[in-house]
Each structure stands twice: as structure tokens, then as C-alpha cells.
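Student: Have a look; sequence and predicted model below, questions after that.
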Amino acid sequence: MLHTLSETPESLDHTMREIGRRARAAARRLAIATADEKRAALTAMAAAVRRRSAEILAANAIDIAEMTVNGQTAAFLDRGTLTDARIEAIARALDEIAALPDPVGRVLAAWERPNGLRIERVATPLGVIGIIYESRPNVTADAGALALMAGNAAILRCGSDSHASSTAILEALKEGIVAAGLPEDAIQLVPTRDRAAVGHLLAGLGGTVDVIVPRGGKSLVARVQAEARVPVFAHLEGICHVYVDKAADLSMAVAIAVNAKMRRTGICGSAETLLVDRAVAGTHLVPVLDALSAAGCAIRGTDEVRALWPGAEPATEADWSTEYLDAILSVALVDGVDAAIEHIETHGSHHTESIVTDDLATAERFMARIDSAIVMHNASTQFADGGEFGMGAEIGIATGKMHARGPVGVEQLTSFKYRVRGTGQLRP
């Protein structure tokens, strides 16, 4: 049941702390759940989503009607819309997560000391994960399932635009969880649209939340990073680059540039800047830009670029640090791989970068020196996705350097502890 916006600060604080308390209790049970128990729950969750598809679609219709009245854009409406096919995709993702290896209990390293102590570093759940996301209702299932497979309890705070859809999906997930004998509170949805609830979650709910994962636009992630009192897995922007080296195959460069930018322009792995080695500007630049333009992409370029391809608009300094999330690309010429690296390190967001080249030494130099979460050789930046990495699904892409980095899947939702076995050793 939704709490109203008139809920007092005291009652909201009580509501949120109670959610945290229940999540912590569920996390203790999930931490010792067997792989078979978790797989049974995920399989039952998938079956319940399929069985309840009509209810989920009816709830989604309520959300879409409200979005429409509120004047949301066509792209926003598309992100929030569920169909029979999209519900089946949600269920299929749950089945895929169920098929993943259990990340908990993995022996990450093992060694024996001269005194006979045997030491193991073993993967363990993080505990309670708070996940804050915006308009995509499928994240309710993806995030909750990934957390569960990694032995964690999840507290979900969806966008107000998808609250009815997310609530209906959660009911299906809970049905599956209970059927498998795991605690219903393994996955909880914050039951209010009050924005103050986000602040409570970011404050850690009295120490019950171990990590926060935001999934949404720049303003959401910026708020989370500014206010969170617990660790955060996130990226603020996806300013991704494609660098076409002098040793690049032209047809490959054209294909990768077009796919990296235009396959889906609104995702964080979409390329926002194209860099071309000045040594091949005369042969490679125009064919690449012609292909991008034919695909509907607007080009913003330096004076050099515009001299060779007059259809480009002038690029400003701000363009090099802009995540367009649209069919717009900034383009510059650079003096080889080192200049490309310098540009990316100056203007990038440490998300995903790609080099197109047939020179393996140059590719290795690029991949070693670029300090981004994902670095690619002869591949589209649109592969920056947990599913494409074989992780089944992801909660998001992390660009920080502590713990998780890149796609955050089940393995990244674990920590570790040391198990030390002795035979009576005493420290002198």
C-alpha cells in the first residue's frame, strides 16, 4: 500500500527503518542459502512473472496513463512500457540468472604459511543492497534477482513513474521466493513515492544498508554520490570514445563507429566522441562521417574536421565532456595513439573506450594506458553490458576503483572473508 505524501517525517523514518531491519534479518538467511535454494527461488520467480503477466500489464497501463498525462517524452514512455514480449524477457532473465554459477563460497585464493596455517580468501555476500532506479520497471526483477543470487537482501526504490508496474512485478517475485522457502523480505520495494525516502535510504537506515547502487540519469547519480553515507557502485556519465588509428581497417572503422553511436543512442555505452588519427584523415574520416550521417547522426567537429567534412557543426569545448544520449557525435583529429589517450584521460568519464587498429602493439599500448572500467580493441562500445559479458544481467556499470568496476553482476555483488585453519599454532 502506498504511503501518502502527507506522511509525517517521524512515520516515514519508522517505515524506512523497519524495511532496513527486515532486510538485515533476511540477509542473514540468504547468506547461508544453498545454490539449489536460490535457483529454485529464481525459477519460481520467473514462473510467477509469466503467470501474472496480465496483472503486470494492467498495472503498467496505469503508469503509462499517468506518464502521458504528465507530458513525458516518447523515449521515456518507451522505457516505461511493458509488453508481452518484454515481460517474457524479464522472466527469461530470471531463468538466466538462475543458471549462473553460485558466486558465494568461491575460494578466491588459498595458501599455506611456513607455520602450517592454511588461509583461504572466500567470496561472501555484501549483505543488504539499496538500489535506486528510475523509469525501467524491468530493473525491479533484474536487480532483485542478482542480489538474491549473490546471497544479498535488496531494498528497491523505483521511480515514481513506474511504481504500479514495479509493485506488480515485486508481488510475482515474492510469490516465487516464498514458494522456495526463502524469506519474503529478501526483496522489498520502498512503499512510498515520497522523495524523502531516498534520503533515508542514502543515510543507511540505521546501519542496515551495506551498499547503494543508483541506476538512472546524471542528476540521480549525482545526488546519490553527494548524499550517501554508505559505499556506492555507480557511474556519473558514460562519455565513451572510439579511436580510429592509422592502422585501422576502413570498413571495420565505419561499421564500429556507426554501431557504437547509433545502435542505441540513449544507453551509457553509446559512443559520444570519435577520434581519428590525423595520419589517415584523408582516407578514413569522410567515409566514417558519411556513414554516421546516413544513419541519422549529427556531427560536431573541430575546424580541421569541418574543412574535410563541411556538414559538421562547430564543436565547442563543452562538447568533449558531454554525454549526449542522442544521435550527436563530437569528432576530432589527433596525432596518434598517445594524443588519443591524452584526450580521453582529459575529457572522459572512465566508462568505456575502443580502439580500431590492426596494429597489436598500438592496441596493447591503448588498453594498458587507458584508465577506464572497460577498454576494447576492434569492438563496439555498445558491448559495455553485463549480459554481453556473459554475466546474465547487471545492475549497472561502475566506474569507481574500489571493489566493483565495470558491469556489476552477481560476482561483483559479493565481498570476501578469510578462513584460517590451524593445528594449535600460537603467535610468538
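Tutor: Now that the structure is in, tell me what you want to look at. Everything quoted here is computed from the prediction, not taken from an experiment.
Student: Quick check: buried residues in stretch 316-327?
Tutor: Residues 319-320, 322-325 are the ones in stretch 316-327 that count as buried (16 or more other C-beta atoms under 10 Å). (Each C-beta comes from the backbone N, C-alpha and C, glycine too.)
Student: Quick check: end-to-end length of it?
Tutor: Using C-alpha to C-alpha, to the nearest Å, the end-to-end distance of stretch 316-327 comes to 17 Å.
Student: Just name the closest of the buried residues of stretch 316-327 to Ala141, please.
Tutor: For the buried residues of stretch 316-327, the residue nearest Ala141 by C-beta to C-beta is Leu325; the value is 23.9 Å.
Student: where's the closest one relative to Gly266, distance?
Tutor: Shown here: Leu325 relative to Gly266, a distance of 5 Å by C-beta to C-beta, to the nearest Å.
Student: Walk me through the domains of this structure.
Tutor: The domain map for the chain lists 9-233+408-420, 240-388, with the assignment taken from automatic domain parsing.
Student: What's the end-to-end length of the shortest one?
Tutor: Between the opening and closing residues of domain 240-388 lies a distance of 17 Å (C-alpha to C-alpha).
Student: Quick one: mean pLDDT over it.
Tutor: Domain 240-388 shows a mean pLDDT of 97 in the predicted model.
Student: what's the answer for stretch 134-148, then?
Tutor: Over the span of stretch 134-148, the pLDDT mean works out to 92.
Student: Centre of the chain to it, how far?
Tutor: Average the C-alpha atoms of stretch 134-148, do the same for its chain, and the two points are 11 Å apart (C-alpha atoms, centre = their mean, to the nearest Å).
Student: same check, this time on stretch 105-119
Tutor: For stretch 105-119, the distance to the chain centre is 33 Å (C-alpha atoms, centre = their mean).
Student: Ends of it, what's the gap?
Tutor: The first and final residues of stretch 105-119 sit 14 Å from each other (C-alpha to C-alpha).
Student: now what about that stretch, what contacts it?
Tutor: Contacts to stretch 105-119, defined as C-beta atoms under 8 Å, 6 or more residues apart in numbering, come from residues 120-123, 414, 416, 418-423, 425.
Student: Please apply the same query to stretch 42-55.
Tutor: With C-beta under 8 Å, 6+ apart as the test, stretch 42-55 has contacts from 56, 84, 87-88, 90-92, 94-95, 97-98, 141, 145, 148-149, 168-169, 171-173, 175-177, 179-180.
Student: Show me which of these are buried.
Tutor: When neighbours are counted using 16+ other C-beta under 10 Å, those contain these buried positions: 56, 87, 90-91, 94-95, 97-98, 141, 145, 148-149, 168-169, 171-173, 175-177, 180.
Student: which SS class is Gly387?
Tutor: At Gly387, secondary structure determined by DSSP: H, G, I helix; E, B strand; the rest coil is coil.
Student: ok, for it, nearest residue in space, not its chain neighbours?
Tutor: In space, not counting the residues next to it along the chain, Gly387 is nearest to Ala393; the distance is 5.9 Å by C-beta to C-beta, 6 or more residues apart in numbering.
Student: Could you identify the helix or strand that succeeds the one helix or strand Arg29 maps to?
Tutor: Remark: Arg29 resides in helix 9-31, with elements defined by DSSP states H and E. For helix 9-31, the following helix or strand on the C-terminal side (DSSP H and E) is helix 35-51.
Student: The very next helix or strand once past that next one relative to helix 35-51, how many degrees between them?
Tutor: Following the chain from helix 35-51 toward its C-terminal end, the next helix or strand by DSSP H and E is helix 53-69. Compare the direction of helix 53-69 with that of helix 35-51 by axes from the mean of the first three to the mean of the last three C-alpha atoms, to 10 degrees and you get 70 degrees.
Student: And helix 53-69, how far out from the chain middle?
Tutor: Distance, stretch centre to chain centre, for helix 53-69: 25 Å (C-alpha atoms, centre = their mean).
Student: Name the residues of it that come out as buried.
Tutor: Neighbour counts using 16+ other C-beta under 10 Å place 53, 56-57, 59-60, 63-64, 66-67 of helix 53-69 among the buried residues.
Student: Kindly report the same for stretch 210-226.
Tutor: For stretch 210-226, a neighbour-count test (16+ other C-beta under 10 Å) marks 210-216, 220-221, 223-225 as buried.
Student: In CSV, could you pull the C-alpha coordinates for that stretch?
Tutor: What follows is stretch 210-226 as a C-alpha-only set of coordinates in CSV (Å, rounded to 0.1, in the frame of the first residue of the first chain):
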residue,chain,number,x,y,z
ASP,A,210,25.8,-2.0,3.2
VAL,A,211,26.0,-0.5,-0.3
ILE,A,212,23.9,1.7,-2.6
VAL,A,213,23.6,1.2,-6.4
PRO,A,214,21.9,4.0,-8.4
ARG,A,215,20.7,3.3,-11.9
GLY,A,216,19.5,6.3,-13.8
GLY,A,217,20.3,9.7,-15.1
LYS,A,218,23.1,12.1,-14.1
SER,A,219,21.0,14.1,-11.6
LEU,A,220,20.0,10.9,-9.7
VAL,A,221,23.6,9.5,-9.6
ALA,A,222,25.0,12.9,-8.6
ARG,A,223,22.6,13.1,-5.7
VAL,A,224,23.4,9.6,-4.5
GLN,A,225,27.1,10.2,-4.7
ALA,A,226,26.8,13.5,-2.8
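Student: farthest-separated two in the buried residues of stretch 316-327?
Tutor: Taking every pair in the buried residues of stretch 316-327 and measuring C-beta to C-beta, the maximum separation is 15.7 Å, between Trp320 and Leu325.
Student: Show me where the stretch 301-428 of the chain has its strands.
Tutor: Along the stretch 301-428 of the chain, counting by DSSP state E, counting those that start in this stretch, strands occupy 313-314, 328-334, 352-356, 374-377, 397-398, 406-407, 414-421.
Student: Most tightly packed of the ones you listed?
Tutor: When you average the neighbours per residue for each of the strands of the stretch 301-428 of the chain (mean count of other C-beta atoms under 10 Å), strand 352-356 leads with a mean of 30.
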